[in-house]
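Undergrad: Dropping the sequence and predicted coords here.
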Amino acid sequence: MNRVGRAPVTFVVAAALLLGAGCRPLPGDAQAGGAHLAVLMQPGERPFWLPVAEVFERDHPGVHVDLVEGPQSTDLRENLYTASLLAGDPSFDLVYMDVTWTSKFAAAGWLRSLDDAFDADARAALLPAALEAGIYRGHLYRVPVRTDVGVLYYRKDWLDGAGLAPPHTFDELATIARRLQKPPERWGFVWQGKQYEGLICDFLEVLHGEGGFWIDPATLEVGLDRPEAIAALRFLAGTRAGPDPISPPGVTTYQEEESRRLFQDGRAVFLRNWPYVWRLSQREDSPLRGRVGVVPMVHAKGRPSAGTLGGWGLGISAFSRHPDLALAFIRHTTTLESQRLLCEPTGYAPSLRAAYSDPALRAANPFLDDLLEIHAGAVPRPIVPRYALASDILQRRLSAALAGAMPPAAALRAAARETRLMLGDAAVAKR
Amino acid sequence: MSGRVWTRERLIAVLPAALLLAVVVALPIARVVFLSFTRTELEHGVTLHPAGFEPFVRLWQDGRWWTSLGNTAVFTGSSLVAEMVLGVAIALLLQRRFRGRGVLRALVMLPWALPTAVMALAWAWIFNDSFGVANDLLQRLGILHGPLAWLGHRGTAMAAMVIADVWKTTPFVALIVLAGLQSIPEQVIEAARIDGLGAWQRFRRVTLPLVAPSLIVALAFRMVQAYGAFDLVYVMTGGGPGGSTETVSLYAFQNYFRYLDFGYGSAIAVQGALIAIVLVLIVVRLARGAGEPA
């Protein structure tokens, strides 16, 4: 495959650097005076990685770990990695990946297989769901560093005051929300309804909570036009439509932070979000300190709860000039010490099983036990090479239905047809 | 004329230019056309397989492609109309003699000289709901009563993009029209004046027909540019909300980059180029019609 579309590559790199905090030059090839290991990451995460890198540099004299700050936007960082890998460029030794990038990068042949580097014992030390997300066609390409799973936060003080137990089912959530809300000052349920990957995560939880599925990884069957999927979308659409809505109309423009701020300001009873919210809600200056509870995501009666699996992990670029060092660094990130350095100040959920019984981490995050349990039932996003396309197809239709531009059943039928068309292409390819 | 004879000297003289064109224009185009008849598989590396017209059939069934084509048409149509009207008006103003005309002519060209990505970023901030100048001004004037998320709604996001594009490219139209205006002999206008035509009639019956060839050149250039809009959209809206500002170029880019589907991305590019060629042919036909004496 030769290089297609050099002009867009250059443009995107330039644009991404312009948009992001990209004032620092991209790391060059190995410079004189020791090897450089480079990895591109979110600017907000870099401060917490610095101590992890410092320990590694101390143990490997002469090695420098370049933690390159990329743009804030996950999509732009993905484009930067894509541009670099498409060009076969050795700039980045390590690829710091979202769960959804693994299949695409691995299928393109841009990642080294880590099969031999991580034996059964090394794998058993990690959370199974998080590890599974790094496996494509039976080979390991990405080792989870921190993991994420969707949970439901609730106002413990308000529920206790009304003598109510936290909800298990969709109906219970709606009933409690209606009872405790006083819109527009206080809403029942806030979540992420903007057209982006977060909407997929929220929808998947409701979908699996109804007993449905998106794409079956084994058979490539599409479940989007089944009754469970329609029920799931009706539930989400119903939270802000109808005579007595439980979500604010603006929920269709919310990402994680918009919904969290509303909750943090005491303006919502329930919040669907990721584990990081706990840390922020329990800070000294937080009005919610001691007033928040966390439960697994609600589900339909008689069905298990489902939280969408997220998280970040490291892979080794096929073009790296220091694959051995890169591997050593990945091993280093999954030590208890590194996991503590990274997760204690941030509230991230560790990928190392042993970290869940670590006293320091448990003190910082009292619901680690629950997280471990929620992880066991976590829903992965489909591991198909063109995941980005599948996600875009579904996002656009979900968003149209939530905005009231399309009835849920019609939106999902369209999404199912488009997804089958896309997968059919892949099925033809397999023959 | 004896120029038809290809002497060795002439061939040698033409060779460098021909080679350069072959390498930077013909080869990439041939490559994209070739790719558009393939299916890109992403399983064990990126591989290409011949697929005939299959990618094009997929294209015609693809609702997202039709939406992006519609968005492109709306964007191109509204930008062109606004730019032509404003461009002619500005050219007429700059044609008159007044103090500081030279300075003003240079200043008017500034937006055209700015890199699109930079100006798109500036316009994205202008239309920001909380920090943007647009909302601040409109609220002070009492036109808006609360902040509007310009880039967050279907209609307003497209409008914001058109405004930014018009701001940037009107100077180009004005410049070309101004050049056309300057080639009109003053006696012709003078004669019309003596014949008793008013200002509007003079413009309508004399100036406009005489400047039409330049206007059509500007139209053709701008149409192809607006039709291929990518950087402005990528930076300002990324195609959102809900794909309502996604242009054909951006959709092709998404296929290349995010889906690593080089075959389908190329099919979109080739189909897009075919449509652009037809549009340009129509404009050229119009130009011929305008050039002929009525």
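TA: Perfect, thanks for sending it.
Undergrad: For residue 171, pull up the helix or strand it's in.
TA: Chain wasn't specified; assuming chain A. helix A:170-180 (DSSP states H and E).
Undergrad: that's the wrong chain, I meant chain B
TA: helix B:154-182.
Undergrad: what packs against the helix holding residue A:171?
TA: Applying 3 or more CB pairs under 8 Å, 6 or more residues apart in numbering or on different chains; DSSP states H and E, one finds that helix A:170-180 makes contact with helix A:156-161, strand A:187-190, strand A:268-273. The way it works is simple: take the backbone N, C-alpha and C, and place the C-beta from them, glycine included.
Undergrad: which residues does whichever residue of the stretch 51-200 of chain A sits closest to chain B contact?
TA: The minimum distance from the stretch 51-200 of chain A to chain B, using CB to the nearest CB, falls at residue A:109 (4.0 Å). By CB atoms under 8 Å, 6 or more residues apart in numbering or on different chains, residue A:109 lies in contact with A:318, B:44, B:45, B:46.
Undergrad: Just the buried ones from these, in ChimeraX syntax?
TA: Per 16 or more other CB atoms under 10 Å in any protein chain shown, the buried members of these correspond to this ChimeraX selection:
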select /A:318 /B:46
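Undergrad: Output the contacts of residue A:109 in a markdown table, with distance to residue B:138 and pLDDT appended to each entry.
TA: A markdown table is the format used below for those (distance: CB to CB, whole Å; pLDDT from 0 to 100):
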| residue | distance to residue B:138 | pLDDT |
| --- | --- | --- |
| A:318 | 52 | 97 |
| B:44 | 55 | 79 |
| B:45 | 53 | 84 |
| B:46 | 48 | 86 |
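Undergrad: looking at the helices and strands packed on helix A:170-180, which is closest to residue A:285?
TA: For those, the distance to residue A:285 is smallest for helix A:156-161, at 17.5 Å, taking CB to CB.
Undergrad: just checking, what packs against the closest one?
TA: Counting by 3+ CB pairs under 8 Å, 6+ apart, helix A:156-161 packs on helix A:170-180, strand A:292-295.
Undergrad: ok, back up a step: I'd like to know which of the helices and strands packed on helix A:170-180 is closest to residue A:382.
TA: Going by CB to CB, the one of these nearest residue A:382 is strand A:268-273, 20.6 Å.
Undergrad: what does the average pLDDT come to for the helix or strand just after the closest one?
TA: As assigned by DSSP H and E, the chain's next helix or strand after strand A:268-273 is helix A:276-281. On average, the pLDDT along helix A:276-281 is 91.
Undergrad: tell me what helix A:276-281 is packed against?
TA: Checking 3+ CB pairs under 8 Å, 6+ apart, helix A:276-281 ends up next to strand A:151-155, helix A:256-264, strand A:292-295.
Undergrad: most packed of these?
TA: strand A:151-155 (a mean of 24; mean count of other CB atoms under 10 Å in any protein chain shown).
Undergrad: Just want the angle from that strand to strand A:268-273.
TA: Interaxial angle of strand A:151-155 relative to strand A:268-273 (axes from the mean of the first three to the mean of the last three CA atoms, to 10 degrees): 160 degrees.
Undergrad: Now for chain A, the helix or strand with the poorest mean pLDDT.
TA: Using mean pLDDT, DSSP states H and E, the weakest-scoring helix or strand in chain A turns out to be helix A:6-19, at a mean of 48.
Undergrad: Past that one, which element shows up next along the chain?
TA: Past helix A:6-19, the next helix or strand by DSSP H and E is strand A:36-41.
Undergrad: okay, now the domains of chain A?
TA: A:6-147+A:310-376, A:151-191+A:239-307 (automatic domain parsing).
Undergrad: any idea which element the residue of the stretch 51-200 of chain B found nearest chain A lies in?
TA: Of the stretch 51-200 of chain B, the residue with the smallest distance to chain A, taken as CB to the nearest CB, is residue B:117 at 5.3 Å. Assigned by DSSP H and E, residue B:117 falls within helix B:116-126.
Undergrad: Only C-alpha atoms, please: export that helix in PDB.
TA: As requested, C-alpha coordinates have been extracted for helix B:116-126 and formatted as PDB (Å, rounded to 0.1, in the frame of the first residue of the first chain):
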ATOM      1  CA  THR B 116      -7.900  29.500   5.800                       C
ATOM      2  CA  ALA B 117      -7.200  27.400   8.900                       C
ATOM      3  CA  VAL B 118      -6.100  30.500  10.900                       C
ATOM      4  CA  MET B 119      -9.100  32.500   9.900                       C
ATOM      5  CA  ALA B 120     -11.500  29.600  10.400                       C
ATOM      6  CA  LEU B 121     -10.200  29.300  14.000                       C
ATOM      7  CA  ALA B 122     -10.800  33.000  14.500                       C
ATOM      8  CA  TRP B 123     -14.300  32.700  13.200                       C
ATOM      9  CA  ALA B 124     -15.000  29.700  15.300                       C
ATOM     10  CA  TRP B 125     -14.200  31.900  18.300                       C
ATOM     11  CA  ILE B 126     -16.300  34.800  17.000                       C
END
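Undergrad: List the buried residues in that helix.
TA: For helix B:116-126, using 16+ other CB under 10 Å, the buried residues are B:116, B:117, B:119, B:120, B:121, B:122, B:123, B:124, B:126.
Undergrad: Strands of chain A, start to end?
TA: Using DSSP state E, the strands of chain A run over A:36-41, A:64-69, A:94-98, A:135-136, A:139-140, A:143-149, A:151-155, A:187-190, A:268-273, A:292-295, A:309-316, A:349-350.
Undergrad: Mean neighbour count, these: which tops it?
TA: Of the strands of chain A, strand A:349-350 is the most buried (mean count of other CB under 10 Å), at a mean of 30.
Undergrad: pLDDT of the helix or strand just after the helix holding residue B:171, averaged?
TA: Per DSSP H and E, the first helix or strand lying C-terminal to helix B:154-182 is helix B:186-194. The pLDDT scores in helix B:186-194 average 88.
Undergrad: Buried residues in helix B:186-194, which are they?
TA: Those would be B:189, B:192, for helix B:186-194 by 16+ other CB under 10 Å.
Undergrad: So what touches it?
TA: B:201, B:202, B:205, B:206, B:207, B:210.
Undergrad: could you say what helices and strands the very next helix or strand once past that helix packs with?
TA: Next helix or strand after helix B:186-194 toward the C-terminus (DSSP H and E): helix B:199-202. Other helices and strands packing on helix B:199-202, by 3+ CB pairs under 8 Å, 6+ apart, are helix B:186-194.
Undergrad: From the contacts of residue A:109, which land in helices?
TA: Here DSSP state H is the test, and those give no hits in helices at all.
Undergrad: Domain map for chain B?
TA: Taken from automatic domain parsing, chain B resolves into B:1-35, B:62-291.
Undergrad: Tally up the residues packed near residue B:180, please.
TA: 21 (other CB atoms under 10 Å in any protein chain shown).
Undergrad: Is any residue of stretch B:94-114 near chain A?
TA: No - using CB under 8 Å from any CB of the partner chain, stretch B:94-114 stays clear of chain A, with a minimum separation of 13.1 Å.
Undergrad: quick one: contacts of that stretch?
TA: Against stretch B:94-114 from outside (CB under 8 Å, 6+ apart): B:90, B:119, B:167-172, B:174-175, B:178, B:181-182.
Undergrad: Appreciated, that's everything.
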